[in-house]
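Engineer: Task: produce atomic coordinates for the following.
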Amino acid sequence: MGSVIARGCVHTGLPPKRMLENIYQSSRSYCSFLMPSSFHRLGLLTGKSPDQILDEHTVFPYSVAFMPKEERERLRKKALELNVQTDCLGSLTKSVTYGVPFRRVCPQCITEDLNTYGETYWHRSHMLPAVHICAQHGVRLHETDMRLKRNLNKSFIHFPTPFGHKSISDIAPSFILQAVTEVSIAALKAVTPLEMDWHYVYRTKSLEKGYRIEGGAVASRVLTADILRFYGEKFLKDCGAQFMEGAAGPWPSLMSREGSGIPFAPVKHVLMQIFLNAESSQTLNVTGSYSRPGPRSGDSVALDTKAAKALQRELQKATRNGVRLTVQALLRTIGIWEKFRHHREKFPKTNALVQAFKASDQSERQLGRRKRLYNKPT
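Structural biologist: Now for the predicted structure:
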């Protein structure tokens, strides 16, 4: 819709601020490029219904495609309210513009638009996160130097031109880019099934693909690592869906959880669906990546050696400072008390030092006789 208003400025010769004043019949001088407001007024001026403007000329369908039905209906009602004087839905565009810093164009669309209309315009389908292929022509989109967040109250109105833009590099394999385009356009045109419980879908498909650990839970750690390898860090960063491997709570892990009420940007739903629907020939090693439930045995030999060295340092410190300690306090200091008390047989080196400590002057509880060199603690 931003292109329509901009073209009106060019055709009438009015500056953007004056054009907006005439459209909205107010002194407002701002309009979101992807999500305007006052759809009843825009419908009256364009000969279309408010619903047509909202669904066919904004990114509203894409922004709400994966939301619960109640939330979609609430936002639609809010968008279509009469006498809207502010861009009440401007926050919805953040889920789109975050991964698209610059406007994108299709060279073939530019040529066709010039031949058909005598002028060009910005296509909303080219502005979606992670979309690098034109859905109509199947060619790579080009990136301009025009920022997507630029408002219509700027001094100059720019349109796509045959020159002044560069082709986007091979940021991901073609089959991934093609799949992203198809799923994204389906969401933009409201073709996506809107009544799906997406967390249930992602959880079910994850389990079907083999991401399952003992007990039936989703192997989210392995799932997250595979998604990172599937898309690559560069592509995920480009569309605003990056995460670090091994980080706590990455979005693939949260999206596959049952009953999660966390909202996610549409592009993350797109990427999750493509990955889970992709054919995979790899053999998953899920059980080898997760420890069995219950106490962890660990490497007791290495742990015993490490604990014995730490215990020697603490004993030397206690001797220099002339203090007395209990065995529990001493072993808690080096972080080995709980494991030692339940599995002493696995810590022979540490246990030998503990027995020697009990008979020393540094032990608060003496086993046997000792010289009274210290005063009792008060």
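Engineer: if I look at Asp170, how far off is Lys77?
Structural biologist: Distance, Asp170 to Lys77, by C-beta to C-beta, to the nearest Å: 43 Å. Glycine gets a C-beta too; all of them are placed from N, C-alpha and C.
Engineer: Give me the phi and psi angles of the closest residue to Tyr98 other than its chain neighbours.
Structural biologist: Sequence neighbours aside, Gly240 is the residue nearest to Tyr98 in space, at 4.3 Å (criterion: C-beta to C-beta, 6 or more residues apart in numbering). Gly240 has phi and psi values of phi 70, psi 30 when expressed as degrees, to the nearest 10.
Engineer: for Gly240, what are its contacts?
Structural biologist: Taking C-beta atoms under 8 Å, 6 or more residues apart in numbering, we find Gly240 in contact with 98-99, 129, 265, 267.
Engineer: out of those residues, who has the most neighbours?
Structural biologist: Neighbour tally across those (other C-beta atoms under 10 Å): the maximum, 26 neighbours, falls on Val267.
Engineer: Now do the helices in the stretch 201-350 of the chain.
Structural biologist: Along the stretch 201-350 of the chain, the segments classed as helices by DSSP state H, counting those that start in this stretch run 220-231, 233-238, 251-255, 266-277, 300-321, 327-333, 337-342, 348-358.
Engineer: how's this structure carved up into domains?
Structural biologist: Using automatic domain parsing, the domains assigned to the chain come out as 2-174, 196-289, 300-358.
Engineer: between those, which gets nearest to Glu364?
Structural biologist: The closest of those to Glu364 is domain 300-358. By C-beta to C-beta, the value is 4.4 Å.
Engineer: Please measure how far the first residue of that closest one sits from its last one.
Structural biologist: One end of domain 300-358 to the other measures 23 Å (C-alpha to C-alpha, to the nearest Å).
Engineer: still on that earlier bit, tell me which of the contacts of Gly240 fall in strands.
Structural biologist: Among the contacts of Gly240, no member is found in strands (DSSP state E).
Engineer: Including pLDDT, could those residues go into a markdown table?
Structural biologist: Below are the contacts of Gly240 laid out as a markdown table (pLDDT from 0 to 100):
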| residue | pLDDT |
| --- | --- |
| Tyr98 | 77 |
| Gly99 | 78 |
| Pro129 | 92 |
| Ala265 | 90 |
| Val267 | 94 |
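Engineer: ok, those residues vs His123, which is closest?
Structural biologist: After measuring those against His123 - C-beta to C-beta - the closest member comes out as Pro129, at 14.8 Å.
Engineer: how close does that closest one sit to His199?
Structural biologist: In terms of C-beta to C-beta, Pro129 sits 21 Å off from His199.
Engineer: Other residues contacting stretch 191-208?
Structural biologist: 65-66, 69, 72, 183, 185-186, 212, 216, 218-219, 223, 255-260, 269, 272, 276-277.
Engineer: Pull out the buried residues from those residues.
Structural biologist: Neighbour counting by 16 or more other C-beta atoms under 10 Å classes 65-66, 72, 183, 185-186, 212, 218-219, 223, 255-257, 269, 272, 276 among the contacts of stretch 191-208 as buried.
Engineer: Got the confidence number for the most centrally placed residue in the chain?
Structural biologist: In the chain, the centroid-proximal residue (C-alpha atoms, centre = their mean) is Ala241; its distance is 4.3 Å. As predicted, Ala241 sits at a pLDDT of 89.
Engineer: Quick one: residues contacting it.
Structural biologist: 99, 129-130, 251, 265, 267-268, 271.
Engineer: in terms of contact, does Val139 touch Ile110 like I think?
Structural biologist: No - using C-beta atoms under 8 Å, Val139 is not in contact with Ile110; the gap is 11.4 Å.
Engineer: Settle it for me: which of those two has more neighbours?
Structural biologist: Ile110 (20 against 13).
Engineer: give me the element that one is part of.
Structural biologist: In the assignment (DSSP states H and E), Ile110 maps to helix 107-117.
Engineer: Report the buried residues of that helix.
Structural biologist: By neighbour count, and taking 16+ other C-beta under 10 Å as the criterion, the buried residues in helix 107-117 are 107, 109-110, 113.
Engineer: same question, stretch 75-82
Structural biologist: 75-76, 79-80.
Engineer: Could you verify that Gly164 is part of a strand?
Structural biologist: No - according to DSSP: H, G, I helix; E, B strand; the rest coil, Gly164 belongs to no strand; its state is coil.
Engineer: Pull the number of nearby residues for it.
Structural biologist: 12.
Engineer: now Val354
Structural biologist: Count around Val354 with other C-beta under 10 Å applied: 20.
Engineer: nearest spatial neighbour of it, skipping sequence neighbours?
Structural biologist: Closest residue to Val354 apart from its sequence neighbours, by C-beta to C-beta, 6+ apart: Val327 at 5.8 Å.
Engineer: Since that was my last question, I'll sign off now.
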